[in-house]
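Enquirer: here's a sequence, model it:
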Amino acid sequence: MKSGLKIELPVIVLNEKAYVESAGNKGLKLAKICAEVAVEQGVSIAICPQQVDLAKIASSVDIPCFAQHVDAVEPGSQTGFVTLESVKEAGAIGSLVNHSEHRLKVADIDFIITKAASLNLLTIVCTNNIAVSTAVAELKPYAVAVEPPELIGTGRSVSKVDPAIVEDTVKEVKRVDGNSVVLCGAGVTNGEDVSAALELGADGVLLASGVVKAKDPRAVLMDLASGLR
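Expert: Predicted coordinates:
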C-alpha cells in the first residue's frame, strides 16, 4: 500500500544531517533559503532538518520537510525513539530511511514503509547499490535513493563518477515498481551534476554537505536548481 501523497518532480532533497552549520537557527535560515530558491527558480526542493528542529522548520517554510530517520516502533513506552506518528505531528510529510549513516534491518525498513503508507507519509529509502535498490523496490517505498557510500561528501558526483549505477538502478527499480521515484546522491555539488542525474533517468537528487557546508548556500542552491530545468 502506497501513500497517496506526492512531491513535485524533479526534486532536490537536502539532508541537513547533524552539522554545526545546520543546527538551530542556522538550520532554519538554510531551510528558508531553500524555500526562497524554490519559488524564485520555480523548482521543487525538499529539506530534512535536524530531528530536534523538525517541528520548528516544518511550521516555518512551505517546502516539503522530511525527518532524517524514524524508528520501527509503535507509539508508547519507547524512550529516545522517533515514531512515524511523532514526525507527522511535527509537520513532516515523510522520512529518510536507512541512510548509510543510520542503517536499518530489512524487517525494520519493511515496517516503516508499510506504517508510513498507512499514515499517508512518504519514505525515501537510501540504498548503496543496484541489488539493494532492487530489493527495496519490492517493499514499495515512495522513493529509492541510491548513494554509493564511498562518494558521500567527496564532491565527486555519482552521476559523473559512476553513471552506470544510476542508470541501472533506475532501470531495475522501475522494472519492479514503475511508480517508484528514484533519486541519486553522493558528491552532488552543482547544476551539471543534477542535470547529469536527470539525463540518466533519476527523478532528482539527495545531497547534504555541498550546500550545508558551503560559504554561500544560496549561490550553490541556485546553481543546483539550474540543473532541474
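Enquirer: all strands of the protein, in order?
Expert: For the chain, applying DSSP state E gives strands covering 11-15, 44-48, 66-67, 94-97, 122-127, 143-146, 181-185, 204-207.
Enquirer: kindly present those as a markdown table, with separate columns for distance to A225, mean neighbour count and mean pLDDT.
Expert: For the C-beta atoms, the positions are set from N, CA and C on the backbone; glycine is no exception. Formatted as a markdown table, these follow (distance: least, C-beta to C-beta, whole Å; neighbours: other C-beta atoms under 10 Å; pLDDT from 0 to 100):
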| stretch | distance to A225 | mean neighbour count | mean pLDDT |
| --- | --- | --- | --- |
| strand 11-15 | 7 | 25 | 98 |
| strand 44-48 | 7 | 25 | 98 |
| strand 66-67 | 18 | 26 | 98 |
| strand 94-97 | 21 | 26 | 98 |
| strand 122-127 | 19 | 26 | 98 |
| strand 143-146 | 19 | 28 | 96 |
| strand 181-185 | 16 | 28 | 93 |
| strand 204-207 | 11 | 28 | 95 |
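Enquirer: make TSV out of those and add distance to A219.
Expert: Shown next, in TSV, are the strands of the chain (distance: least, C-beta to C-beta, whole Å):
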stretch	distance to A219
strand 11-15	14
strand 44-48	15
strand 66-67	24
strand 94-97	25
strand 122-127	26
strand 143-146	25
strand 181-185	20
strand 204-207	15
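Enquirer: for the helix or strand bottoming out on mean pLDDT in the chain, buried residues please.
Expert: Across the helices and strands of the chain, mean confidence by mean pLDDT, DSSP states H and E is lowest for helix 158-161: a mean of 77. Buried residues in helix 158-161, counting neighbours by 16 or more other C-beta atoms under 10 Å, are found at 158-160.
Enquirer: and the residue in the chain sticking out farthest from the centre, how far from P148?
Expert: Here the chain reaches farthest from its C-alpha mean at S77, the gap being 28.8 Å by C-alpha atoms, centre = their mean. With distances taken as C-beta to C-beta, to the nearest Å, S77 is found 39 Å from P148.
Enquirer: same question for A208.
Expert: The value you get for A208 to P148, if C-beta to C-beta is used, is 14 Å.
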